[in-house]
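Trainee: Build me a model:
(chains A, B and C)
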Amino acid sequence: MDEKLLEIKGLKVWYKTYRGDARVVNGVDFFVRKGEKVGLVGESGCGKTTTMKSVIRTLDEKAAEIPEGEVLFRGKDVLKMKKPELQKIRRHDIAMISQSPMSALNPVFTVGEQIMDIIRFQGDIPKSKAYETALQAVKSVMIADPERILRSFPNQLSGGMCQRICIAMALVTPRELLIADEPGTALDVTVQDQIHSLLRKLVSDRKMSLIMITHSLGVTRELVDRIYVMYAGNVVEESPTAELFRRPLHPYTQGLMKCVPRLSGGGVSAGIYGYIPDYINASPGCRFCPRCSRATEACRTRRPPLVSVGENHRVACFLYERDAGKEELK
Amino acid sequence: MKAYWFKFTRNKLSLLGLAIVLASLFFAVFAPVVVPFPAHIREFVDYSQASRAPSAAHWFGTDIFGRDVFSRVIYSFRGALKMSAIVLAIAVPVGVFLGLLAGYYSGTWVDTVIMRVTDIFVSLPSMVMALAIAAVLEPTLTNAMIALTVTWWPWYTRPVYNLANAVKKEYFVKSAELIGASKAHILLREILPSCLSTIMTKMALDVGWVILNGAMLSFVGLGEQPPIPAFGQMISDGAKYMPNQWWLTTFPALGIAFVILGFNLLGDGIRDMFDRGR
Amino acid sequence: MSGKPLLTVKHLKTYFEIPSNRREKQYVKAVDDVSFVIREGEVLGLVGESGSGKSTIAYTVMGMERETGGEILLDGVNIAGKNGKRPRTFQKNVQIVFQDPGSSLNPYRTIRQILTLPLKVHNIVPPAERRDKLHEILEMVELPDTFLDNKPGTMNGGERQLVSIARALCCEPRFIILDEPTSSLDVSIQAKIINMLLKLRNEKRLTYLFITHDLSLMRNISTRVAILYLGKMCEIAPTETFYRKPLHPYTRMLLSSIPVISEEEEALKPEKTVPKGEIPSPVNIPSGCCFHTRCNRAMEICSKEDPVMREVESGHCVRCHLFRDCPASGQI
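Mentor: Numbers count the residues shown, from 1 in each chain, chains lettered A, B, ... in the order given. Sure thing, here's the model as predicted:
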């Protein structure tokens, strides 16, 4: 249970632009244990999708450069793997589902054909057996009338249905890790709710690990055991779910929580002052510093490391460095 | 601006195209002043120098009248580019305007009338039309231009129609409509800018096509009349003397190829410039 | 309630014909007999999922879609029925802000050009004073003057939405429709924009029709909320009542599904109703009450008869057979 299935160490990803290198991922440490559900929360542009895409290496190698870092899956560095080994991981071990289910499916083929294609990539599997497996997969994502769905084209299905198909496709072979990139965003709230319950159930039934990428704190609260909060290419806070909501420490996390509109009313907060920083001429200091009301001189010049402030709770902020020191002394 | 230049120059060939186009424009504008033998453009005869192969004195040789082929080829750029400029200057606005109207009012009688007329013109083979028109009127450069203009405008109407039809659904166009902007504003200020990249790319490529069509017309004698040189005319005149006096046809043909290549490469570069890719 | 009625919508219907092989025409009933009154100073929220018709109502009121039936009254004058054309006064007094900041602003025009258009069309100020007016408007949305010469492509989503709002304010309107203005923006930028909108409403005495699918957001911005399902209004109530005492089964289902971030909010949600099935296709609306296929309290009458809007208490109306003993509501 404690074994780390996926571990990312000091990952940096730079996008090449004509103005220079955009340092989109700026030294990220991240891990998921076997059977664990982890959330990666951040706003658009913070680098969460880029980080996850580098796990299965679907980034455009010409446009994105990985100057530093390791991505260890079961102890082996994915970034250094050759094609055959990488393909094996993509086919058997790690699956990723994306935000827009409608565009993840090929509109020209029926859903059944697409699922069976994936099954038959595994090896020499006869068509009848592939059909049986596909049927099972579709049933496992709680779709009524699976035969009719297998015969349908993606544009005949609703968004929620397509997302379930994508999940079925991802899980048709037993996987160890599922990466879900904002799976509910394009869907209605009630359908999103169903998809999340489905994910929860499947992941626990099959003892898989789940990485949930989202911009919604509410979704992570319901779904995952541990949360990483990312801002501008760095992990700024890392904590078990309940602890994060009870005691958010990083100024960004606190600001973010205040911005979420509450069901209890009381108006909306004023937002977080300032803008996402320039990734090309990035400052060497803490990237949240210009927007932070509690910034100090140190924040401008050095990047704060992640320090431990409690049970599995780490923050990248100089405000807690002293407290962390005290924690260790105890 | 810098971003546009960056995208344009990413492909070195576009720069080559730009260089060729600038050279062609230079020849067109300054030909009378720059050519080594300006008198050879008009009526000129010097049989002592006739039919000489390319040499140091005459880089492209001389024709049967003793005229310097190099000067005449350079001077031909003038007529060719003038023709392109005028044909496009008339055909493009007409075609674009009709396309905008039809696209914006698609589904109504305006659309039907304009597009059916366009369909008719598009289905006419342009060369045949041009020949017919040029045959009915006198064979001059002006009439060749009229002939090409009449058959050229519809090729702008359909792409602009498709673009206008799509762009009018964008929310910024709807915003302008809801605010109460005049139709002229909506067509020219809201919809047209989105069409410009397509139009400009097509125009750059079309310069080459007009020149080629113009050369075809002047090849059969419908264009710039002698003694003023034109590419097609020179090729036609020199064809009789192939392969002995090969320089009479080869250099004008290379001239056409040169200018068309230049505009094609430039057109590709313009298209890259506007490409909203990475 | 607040002021006098500004916008009244009576039995509005917007049907879209779909090509079909059958003899009778087939329609998508995007808006099916919706009525409501918006009073001056209010913020009426329209909430619903996809297919609910909330955006279509906005588009129909603006004249972007032609209504199939019903009346739209601005200050008591019916403006519907003229093929989508709206009078000049309407074009000035009623503005709309769209959801997608990317396509609401012309990428080839500068902000100055975009904002000057409404000033010119409605002659808000003489040309000499336009520069000052532009400065004033940008100040209202807290954008610097330097933005005037930029094109939308250089700005981020939040800034573009602020420009869209500024454009709406140029005409000095009385009423603004906001169609999911922050749905495509991050939560921190959303907070800024919502605050801006509330500030402007107070300063300029504006009335809003605010459309969103986000119930938590709605709680904090609206004074009254109406919930729509498949083109029909299910429930409408003052905000506090809507959230404290939701009556319609769909309202309760929706409220129980939203993700919240604190225990106290969790306690405010109605008991968890597992959403059954999916929203039916708008072409095949279920018989009787359109919600009965997913309703956990459906009775026999629900599949047969379409309920009417009934007033349960002052200002709180529900369209559900569970409340058939309450009096039918007149104009809300």
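
Trainee: now the residue nearest to B:Ala239 when sequence neighbours are not counted: how far from chain A?
Mentor: Residue nearest to B:Ala239 in three dimensions, not counting chain neighbours: B:Thr249, with 5.8 Å by C-beta to C-beta, 6 or more residues apart in numbering or on different chains. From N, CA and C alone the C-beta is placed, and that goes for glycine too. Shown here: B:Thr249 relative to chain A, a distance of 46 Å by C-beta to the nearest C-beta, to the nearest Å.

Trainee: Quickly find the element holding B:Thr249.
Mentor: B:Thr249 is located in helix B:247-274, with elements delineated by DSSP states H and E.

Trainee: Counting neighbours, what do you get for the residue nearest to B:Ala239?
Mentor: 20 (other C-beta atoms under 10 Å in any protein chain shown).

Trainee: tell me the mean pLDDT over the helix holding B:Thr249?
Mentor: Across helix B:247-274, pLDDT averages out at 89.

Trainee: Now the longest helix that chain B contains: buried residues?
Mentor: Ranked by number of residues, the top helix in chain B under DSSP state H is helix B:69-104. Residues of helix B:69-104 classed as buried: B:69-81, B:83-84, B:86-88, B:90-92, B:94-104 (neighbour count, 16 or more other C-beta atoms under 10 Å in any protein chain shown).

Trainee: on that earlier part again, now do the same contact list for the residue nearest to B:Ala239.
Mentor: Applying C-beta atoms under 8 Å, 6 or more residues apart in numbering or on different chains to B:Thr249 gives the contacts B:234-235, B:238-239, B:241-242.

Trainee: Help me confirm that C:Arg297 comes into contact with C:Phe291.
Mentor: No: C:Arg297 lies out of contact with C:Phe291 (C-beta atoms under 8 Å); the separation is 10.1 Å.

Trainee: Return every residue with contacts to both of those two.
Mentor: With C-beta under 8 Å, 6+ apart as the test, C:Arg297 and C:Phe291 both reach C:Pro249.

Trainee: Give me the more crowded residue out of these two.
Mentor: Taking other C-beta under 10 Å, C:Arg297 and C:Phe291 do not tie; C:Phe291 has more neighbours (23 against 13).

Trainee: give me every residue that touches that one.
Mentor: C:229-230, C:234, C:249-250, C:302.

Trainee: run the last query once more with 10 Å
Mentor: Applying C-beta atoms under 10 Å, 6 or more residues apart in numbering or on different chains to C:Phe291 gives the contacts C:229-230, C:232, C:234, C:248-250, C:253, C:279-280, C:298, C:302, C:307, C:319-320.

Trainee: Show me these that map onto helices.
Mentor: C:249-250, C:253.

Trainee: Neighbours of B:Trp155, how many?
Mentor: Number of residues near B:Trp155 (other C-beta under 10 Å) recorded here: 19.

Trainee: meant to ask about C:Arg160
Mentor: Residues lying near C:Arg160 (other C-beta under 10 Å) number 21.

Trainee: try A:Ser204
Mentor: Residues within reach of A:Ser204, counting by other C-beta under 10 Å, total 12.

Trainee: contacting residues around it?
Mentor: Applying C-beta under 10 Å, 6+ apart to A:Ser204 gives the contacts A:35, A:37, A:210.
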